[in-house]
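[1] Show me the folded form of this:
(3 chains)
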Amino acid sequence: MSNEKIQAELAKYEASVEKAIARFPEREHLPEKRLYTPLDIKDTDYADELSFPGVYPYTRGVQPTMYRGRFWTMRMYAGFSTAEESNKRYRMLIENGATGLSCAFDLPTQIGYDSTDPISEGEVGKVGVAIDSLADMETLFDQIDLGKVSTSMTINAPASVLLAMYIAVAEKQGVPADQLRGTIQNDILKEYAARGTYIFPPRPSMRLITNIFEYCSKNVPKWNTISISGYHIREAGSTAAQEIAFTIADGIAYCEAAIKAGLKIDDFAGRLSFFWNAHNNVLEEVAKFRASRRIWAKVMKERFHAQSEKSMKLRFHTQTAGSMLTAQQPNNNIVRVALQTAAAVMGGTQSLHTNSRDEALALPTQESVTIALRTQQIVAYESGLADVIDPLAGSYYVEAMTNKIEAEAWDYIKKIDDLGGAVAAIEKGYIQKEIQDSAYKWQMDVESGARTIVGVNKFQMEEEPPKGLLKVDEAVGERQKAKVEAMKAKRDNEAVKAALADLKKACQDENENLMPHILAAVKTYATLGEICNVMREVFGEYEAHVSL
Amino acid sequence: MDIAEELLKGNRLALSRAITAIENEYDEATEIMKKLYPHTGHAYVLGITGPPGAGKSTLSDKIAREYRAQGKTVGIIAVDPTSPFTGGAILGDRIRMNGLTLDEGVFIRSMGTRGSLGGLSHKTADAVKAMDAFGKDIIIVETVGVGQSEVDIVKAADTTMVVLIPGMGDDIQAIKAGILEIGDLYCINKSDLDGADKLVREINMMLDLDSLMTEWRPPITKVVASQNEGIKELLDTVEKHRTHIEGNGQLAERRTKRTRDEILDILSSNIGTYIKGKIVDSGRLDGYVEQIKQHETDPYTVIGQVMDEMLK
Amino acid sequence: MEKKIRVLVAKPGLDGHDRGAKVVARALRDAGFEVIYTGLRQTPEQIAEAALQEDVNVVAMSILSGAHGHLFPKVVDLVRKNGMTDALIIGGGVIPEGDIPALKEAGVSAVFTPGTPTSEVVKYINENVKL
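    Residues are numbered from 1 along each chain as shown, chains lettered A, B, ... in the order given. Purely as a prediction, here's the structure:
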């Protein structure tokens, strides 16, 4: 059918359904059109915009084989309480078929405080495992072969320290650094913009990140040195287009910082990875994942003139949207997570964490975690969604949506460029303000009923309070504190002092790579807090830009 | 609790409650102010104004820290606009001064403009007096310099600092025109950005045009508040201005004028409230308006009648 | 007389998830309140002192890290110790139903869990605040 003919038929169709559709109540947040046709993608050139999996611009996937070669890594984010407890959960997950580990750290660890610090009170072991020194890291990976497992660590401001601890544990297990596989999140910009666990100001933070890039490219070549994260930006309330736009703008900032520090784009860009959110709107999400690959490929090729294909491939981890879980009728969350999983899989994710149904209430129980993992397995083995590569390609709607999200994202990227890049845009509060505006709009739409959340503002019912929630033992903090004190009494405190003094000197010299110094300090069992305090002394602390 | 008595003893909650009484125009506010008044006059008041985004709060924070380092106690009054649509306000200055919260030598109070802009300047002035009586050495009044009313608030200061940043484009012209006459000092914040020197030149040019500035030419200081750069130099200029106006009698003059203005201000405000109470609540005003509509009388006659009656 | 409800929106503890706190702050502003937001990582001492200096009628805290059992009661204690006996103290965040009685016992007068409309928070404050 010619485009003219389609146009004419479409007009007839629109006229015929107008009356019938008008009888349905209007729902907001719908796509512009009710029906998509070849006209919506008539300008989309297959070779330029889609092409084949594993081929630029990678819209259809970064590997030629995708899930026909192997499934995505089913990676469950876990960690709570002490290193012993978390170690048990990791081994349970591995026994159940999880193929990668993902460590959650408690807040004091994420912000570089020891469990013994007064500011840590009440927080030790709450949202993740408490790691104070190499001793805890040894316990955390006890009987887990670091040469075999791939480990993702959600750690940002003190990422260098935790990575150094991991390398040191591996060394003790006899695994050389160049065999280690895994990821550190290491994405400080989104901490300023959305997640809030920052320590140092942007300039020294960017230095730490480029130091890691450089060190790993030489010594830990299989390690993903950063996971540039849109996940938390979305959790903070952004739209789908904002999620990828702000994150890619962050990615651009990291590349520019690394290039400025003298690195070559193809030396580090292949180890950059991304982290996306899988939200409820399945088709919009699939379009988002596809658009993100296309944008990054263009950024790498056109802006940074990358030569290596690896540099141009946007590989990503996905986590289902925590903020979409409801405390009401929590079992409904199993369904939400299944849909989000479908989106991530049809969008071609490299790895996936599925949230547990009870996470709007507390940390997940073992049973809930198992259901979440099984959800991935059902999608992989039973649903057929993983059977062919990029199954939604060619859908008029999904392709049009992919184009639309891409265009919106480019607009934002351009705006951020005009503001002087992601760092400047964050310092001016621009990105935060955009996210907050979207978050507020979302909430108001839910409250007005313009947006329906099942069980929250529609189809509510009386419920018994949920039972059997996981409770972190309140004594964990005290136990961990005692452990740290005991460790400190045993270690060679002179060696610690010397290592910290050496680190301080290195911090003061901008041309020095800090990684070897941090690694040396870690090996003396200097604590995370001690190491971060040295850096605080030299670098200062970040003061947040808040505008409401 | 006897708020004034407790305040004078150094009770922080009493100071806080006193400011609330002033802000909310509680009846007891006048009594409190009467008791506090004899204890005022000791503090030096620094007004800080400038356009939104100039970094005034961060600057206030750094200035307060510097004064603390000199051993002086500091009170800060941070005024933010109230939304004209909802009557609500986000008072967001305090967040940039979090590091001062636990310093007992510092007291920070956020105030909303609350729509009653006319009354705001004397409310702020009374809040300053409460902090003064409490014993603060330096009181910083920080407000967005966008309208006349905010400018009035800052006029209550002994030294007024205007904060600008580079790269504000054309907006700056209007702002500069409006606040030029009130600045005793200029502070160029974020002076590590491009255009700082250009801004200094522009301000200098404007100052050149002002022939009245023979005695005191406002100094222009470049700072980067977020990095704590230039703050000492900035405070040196405050000190210089203070010495200058103390030396030539201008400080006393300013304060006398302020007292006169305040009395007039409060008097006219009170009389206005009194008249409003008399003719609005009783429904008389509506009656007059109805009569005017029917062409039975005119506004000028009505005003004459009311004035005669009130001033008898 | 021009009384305004003043609310301190505070984030005690170390978690950086301030989406809820910020949305609530804006909603309270739109309801006509004066809102002072403290920002992240505030200690109970800082929160109580800010509440005192601002003479707020309401202290509204948000925590998502699970440290509420430890931090909320501490804030209540300090606020009361400062002589602010009337201030309404409320909390929100990821807080298991089972923890709520203990928090109420400690003096947190209401706890709002995920999914609560902001209008409900506004209503609660309007009905319970002491001016």
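
[2] B:Leu199 against B:Ile188, yeah?
    Yes - at 5.7 Å, B:Leu199 and B:Ile188 qualify as touching, with contact defined as CB atoms under 8 Å. The C-beta positions use only the backbone N, C-alpha and C, and glycine is treated the same way.

[3] Looking at these two, which one has more neighbours?
    Applying other CB atoms under 10 Å in any protein chain shown to B:Leu199 and B:Ile188 shows that B:Ile188 carries more neighbours, namely 25 against 22.

[4] contacting residues around that one?
    B:163-166, B:196, B:199-200, B:220-223 (CB atoms under 8 Å, 6 or more residues apart in numbering or on different chains).

[5] Could you measure from it over to chain A?
    Going from B:Ile188 to chain A by CB to the nearest CB, to the nearest Å gives 17 Å.

[6] Phi first, then psi, for the residue of the stretch 351-500 of chain A found nearest chain C.
    In the stretch 351-500 of chain A, the residue that lies nearest chain C is A:Pro465 (3.9 Å; CB to the nearest CB). Note on A:Pro465: backbone dihedrals following degrees, to the nearest 10 are phi -60, psi 140.

[7] pLDDT score for the closest residue in space to it that isn't next to it in sequence?
    Leaving aside its chain neighbours, A:Pro465 sits nearest to C:Glu97 (3.9 Å; criterion: CB to CB, 6 or more residues apart in numbering or on different chains). According to the prediction, C:Glu97 has pLDDT 87.

[8] likewise A:Ala78?
    The model's pLDDT for A:Ala78 equals 76.

[9] Return the per-residue confidence for residue 230.
    In the absence of a named chain, chain A is used. The model reports A:Gly230 with a pLDDT of 97.

[10] To clarify, I was referring to chain B.
    Per-residue pLDDT puts B:Gly230 at 96.

[11] Chain B contacts on chain C?
    C:1-4, C:25-26, C:28-39, C:42, C:45-46, C:49-50, C:52-55, C:82-84 (CB under 8 Å from any CB of the partner chain).

[12] out of those residues, who's near chain A?
    Restricting the residues of chain C next to chain B to those adjacent to chain A (criterion: CB under 8 Å from any CB) gives C:25-26, C:29, C:35, C:37, C:39.

[13] what's the farthest-apart pair in the residues you listed?
    C:Arg29 and C:Gly39 (15.9 Å; CB to CB).

[14] higher neighbour count, the two?
    Under the criterion of other CB under 10 Å, the comparison of C:Arg29 against C:Gly39 puts C:Arg29 first, with 24 against 21.

[15] residues in contact with A:Asp117?
    So A:Asp117 contacts A:108, A:529 (CB under 8 Å, 6+ apart).

[16] Can you list phi and psi of it for me?
    Residue torsions, per degrees, to the nearest 10, at A:Asp117 are phi -70, psi 140.

[17] same thing with B:Val74?
    Per-residue torsions, B:Val74: phi -130, psi 140 (degrees, to the nearest 10).

[18] cool, B:Leu91 as well?
    phi -100, psi 100.

[19] Could you find the closest non-adjacent residue to it?
    The shortest distance from B:Leu91 to any non-neighbouring residue, by CB to CB, 6+ apart, is to B:Ser110 (3.6 Å).

[20] That neighbour bridge partners, please.
    With DSSP bridges as the criterion, B:Ser110 is bridged to B:Ala78.

[21] So for it, what's the pLDDT?
    Looking at B:Ser110, the pLDDT reads 96.

[22] In this structure it contacts C:Ile36, no?
    Yes - between B:Ser110 and C:Ile36 there is a contact at 5.5 Å, judged by CB under 8 Å.

[23] Around the residue nearest to A:Pro465, how many other residues sit close by?
    If we define neighbours as other CB under 10 Å, then C:Glu97 has 17 of them.

[24] Pull the contacting residues for the residue lying closest to A:Gln173 once chain neighbours are set aside.
    In this structure, A:Gln173 finds its nearest non-sequential neighbour in A:Leu146, 5.7 Å apart by CB to CB, 6+ apart. The contact partners of A:Leu146, by CB under 8 Å, 6+ apart, come to A:166, A:169-170, A:173, A:175, A:180.

[25] What's the local residue count around the nearest residue to A:Arg195 once chain neighbours are set aside?
    Leaving aside its sequence neighbours, A:Arg195 sits nearest to A:His232 (CB to CB, 6+ apart; 4.1 Å). A:His232: 30 surrounding residues under other CB under 10 Å.

[26] From the contact counts, what lies against the helix or strand hosting A:His232?
    A:His232 belongs to helix A:231-235 when assigned by DSSP states H and E. With contacts defined as 3 or more CB pairs under 8 Å, 6 or more residues apart in numbering or on different chains; DSSP states H and E, the packing partners of helix A:231-235 are helix A:240-260, strand A:272-278.

[27] Kindly format the C-alpha coordinates of the longest one as CSV.
    What it means is helix A:240-260. Presented in CSV, the C-alpha positions along helix A:240-260 are these (Å, rounded to 0.1, in the frame of the first residue of the first chain):
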residue,chain,number,x,y,z
ALA,A,240,11.8,7.9,30.7
ALA,A,241,13.4,10.4,28.3
GLN,A,242,14.9,12.4,31.2
GLU,A,243,16.3,9.2,32.6
ILE,A,244,18.4,8.4,29.6
ALA,A,245,19.2,12.0,28.7
PHE,A,246,20.6,13.0,32.1
THR,A,247,22.5,9.8,32.3
ILE,A,248,24.0,10.0,28.9
ALA,A,249,25.0,13.6,29.7
ASP,A,250,26.7,12.3,32.8
GLY,A,251,28.5,9.7,30.6
ILE,A,252,29.7,12.5,28.3
ALA,A,253,31.1,14.3,31.4
TYR,A,254,33.0,11.3,32.5
CYS,A,255,34.5,10.8,29.0
GLU,A,256,35.5,14.4,28.8
ALA,A,257,37.1,14.2,32.3
ALA,A,258,39.0,11.1,31.3
ILE,A,259,40.2,12.6,28.0
LYS,A,260,41.3,15.8,29.8
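
[28] per-residue confidence averaged over the next helix-or-strand element following it?
    Once the chain leaves helix A:240-260, the next helix or strand it forms, by DSSP H and E, is helix A:265-268. In this model, helix A:265-268 has a mean pLDDT of 95.

[29] Which positions in the longest helix anywhere in chain C come out as buried?
    If you go by DSSP state H, chain C has its longest helix at helix C:68-81. Buried residues in helix C:68-81, counted by 16 or more other CB atoms under 10 Å in any protein chain shown: C:68-76, C:78-79.

[30] cool, and stretch B:190-197?
    For stretch B:190-197, a neighbour-count test (16+ other CB under 10 Å) marks B:190-191, B:195-196 as buried.

[31] Show me which of those residues is closest to chain A.
    B:Lys190 (9.8 Å).

[32] helix or strand for residue 62, which one?
    Just going to use chain A. A:Val62 belongs to no helix or strand, assigned by DSSP H and E.

[33] my bad, chain C
    According to DSSP H and E, C:Ser62 maps onto strand C:58-63.

[34] Right, I'll call it a day here.
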